[in-house]
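# Fold the following, please.
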Amino acid sequence: MTVPAYDAVVLAGGRATRLGGIDKTALGPAGDTLLDRALRSVEHASRRILVAGPELPAPPGVLRATESPRYGGPVAALAAALRVPGEGEALVVVLAADLPAVERALPAVLAAVDEAAPADGWIGVDPDGRDQPLLAVYRRGPLAAAVDGVPRSGAGAPLRRVLAGLRLIRVPLAVGLAADVDTPADAARAGLDRAGPGTC
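Model (predicted):
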């Protein structure tokens with residue numbers, strides 16, 4: 001599979017309220033946490049940008065950004081990532097940092113990317129037909145335009161509504177590949193009921 005050049009944005013700045021406010025990106029054994037998996041899945045990106053609070057350090061070689069206001073949600077996080085200085089690639093992979101199967105799911109989405117297609121992005125879809133906008137590849141221009149059209153850096157704006165005007169190719173994913181971790185039951189199903197050493 002030939003994968004086009006891309007930048008990657010990993011969103012890890014949520015509150016995880018349904019998990020008691022822990023750092024859920026640290027769930028999993030050392031070296032194989034949810035954050036480790038997300039960053040490994042985009043190890044070939046031209047640039048990797050981690051959007052997180054100051055308490056979560058970026059590994060070497062990973063850029064970082066923080067949404068404003070803090071905990072402003074995914075649209076604010078994307079706005080912060082797209083403002084990181086430097087020459088960006090035309091394609092941007094956008095991932096949540098709570099996808100246990102991301103290392104199997106993202107290649108399926110990347111395989112569907114056709115730069116000649118009249119599309120603004122390619123988005124994973126679970127077997128129930130639910131779009132996963134944080135498991136997707138977008139063209140930078142349309143994504144930035146959609147995000148820039150939201151007042152106040154996107155704080156609190158629903159991501160699906162912001163992306164509604166984009167032409168997206170939906171990529172069907174097998175059962176479990178698009179599952180995320182929002183609750184203790186989700187973590188247990190993914191075998192992540194134990195947290196790594198960085199969990200607070």
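# any idea which helix or strand comes after the lengthiest strand in the chain?
For the chain, the longest strand by residue count, based on DSSP state E, is strand 131-139. As assigned by DSSP states H and E, the chain's next helix or strand after strand 131-139 is helix 140-148.
# show me what contacts residue 62?
Applying CB atoms under 8 Å, 6 or more residues apart in numbering to residue 62 gives the contacts 39, 48, 49, 50. Using the backbone N, CA and C atoms, a C-beta is placed for each residue, glycine as well.
# Tell me where the chain has strands.
Ranges of strands within the chain are 7-11, 48-51, 63-65, 91-96, 121-125, 131-139, 168-172, based on DSSP E.
# Okay, now the unreliable bits of this protein?
Counting by pLDDT under 70, the chain has low-confidence residues at 1, 14-22, 152-155, 193-200.
# measure the residue nearest the centre of it to residue 38 for me?
In the chain, the residue lying closest to the centroid (CA atoms, centre = their mean) is residue 95, at 1.5 Å. Plainly put, residue 95 is 5 Å away from residue 38 if you go by CB to CB, to the nearest Å.
# Check residue 84 too.
Using CB to CB, one gets 17 Å for the distance from residue 84 to residue 38.
# More neighbours: which of these two?
More crowded of residue 84 and residue 38, by other CB atoms under 10 Å: residue 38, with 25 against 15.
# which residue of this structure sits farthest from its center?
Distance from the centre of the chain peaks at residue 116, with 23.8 Å (CA atoms, centre = their mean).
# Going by residue numbers, what spans are helices in this protein?
Using DSSP state H, the helices of the chain run over 34-41, 74-82, 102-111, 140-148, 159-162, 184-189.
# For the ones you listed, could you give me CSV that also reports distance to residue 168?
Output for the helices of the chain, formatted as CSV (distance: least, CB to CB, whole Å):
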stretch, distance to residue 168
helix 34-41, 20
helix 74-82, 15
helix 102-111, 11
helix 140-148, 10
helix 159-162, 11
helix 184-189, 25
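# hey, which of those is tucked in deepest?
Most buried of the helices of the chain, by mean neighbour count (mean count of other CB atoms under 10 Å): helix 74-82, with a mean of 25.
# Now do that helix against strand 131-139: the angle between them, please.
20 degrees (axes from the mean of the first three to the mean of the last three CA atoms, to 10 degrees).
# Need the residues that contact helix 74-82.
Here helix 74-82 has contacts from 9, 11, 13, 49, 51, 65-69, 88, 92, 94, 96, 133-134, 140, 143-144, 147-148, 150, 153-159, 162, using CB under 8 Å, 6+ apart.
# Could you turn the buried ones of the residues you listed into a ChimeraX selection?
Restricted to buried positions by 16 or more other CB atoms under 10 Å, the ChimeraX selection for the contacts of helix 74-82 reads:
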select :9,11,13,49,51,65,66,67,88,92,94,96,133,134,140,143,144,147,150,153,154,155,157,159,162
